[in-house]
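**Student:** Dropping the sequence and predicted coords here.
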Amino acid sequence: MPYYVYKVTPVGETLVKDLEKLTEFDQFKEAKTYARERRAELDESGTTTIKVIFADNPLVAEEQLLEKREETILREWEK
């Protein structure tokens, strides 16, 4: 399964996200390096992020990026 690199931009204040597939790699190390380079080019005040995701195909990758994930629960000692 390949590693996909996506540019994720939230649309407004809703849960909707604009996804743009940048590229895909067979090796995680290459995908990580590419993502770091793209993140360095981003405007720090913006809401756009670069994500690396491991999936069977681009459709599955986009579904995983769009699903709502619950906030992690912090324990008292983790604060």
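**Tutor:** Sure, I can see it.
**Student:** Look up phi and psi at the residue nearest to the spatial centre of the chain.
**Tutor:** Compute the mean C-alpha point of the chain, and by CA atoms, centre = their mean the closest residue is residue 51, 2.3 Å away. Phi and psi for residue 51, reported as degrees, to the nearest 10, are phi -120, psi 140.
**Student:** Can you pull out the residues in contact with the helix or strand that residue 65 is a member of?
**Tutor:** Following DSSP states H and E, one finds residue 65 within helix 58-66. Defining contact as CB atoms under 8 Å, 6 or more residues apart in numbering, one finds that helix 58-66 is touched by 4, 6, 8, 17, 19, 21, 24, 51, 53, 55. Backbone N, C-alpha and C define where each C-beta goes, glycine included.
**Student:** Scan these and report the most crowded one.
**Tutor:** Neighbour counts for the contacts of helix 58-66 (other CB atoms under 10 Å) peak at residue 4, which has 24 neighbours.
**Student:** on that earlier part again, identify the residues contacting the residue nearest to the centre of the chain.
**Tutor:** Contacts of residue 51 by CB under 8 Å, 6+ apart are 5, 6, 8, 35, 65.
**Student:** Quick check: the farthest pair among those?
**Tutor:** Pairwise distances across those peak at 13.4 Å for 35 and 65 (criterion: CB to CB).
**Student:** Could you check which of these two has the larger neighbour count?
**Tutor:** Per other CB under 10 Å, whichever of residue 35 and residue 65 has more neighbours is residue 35, with 21 against 15.
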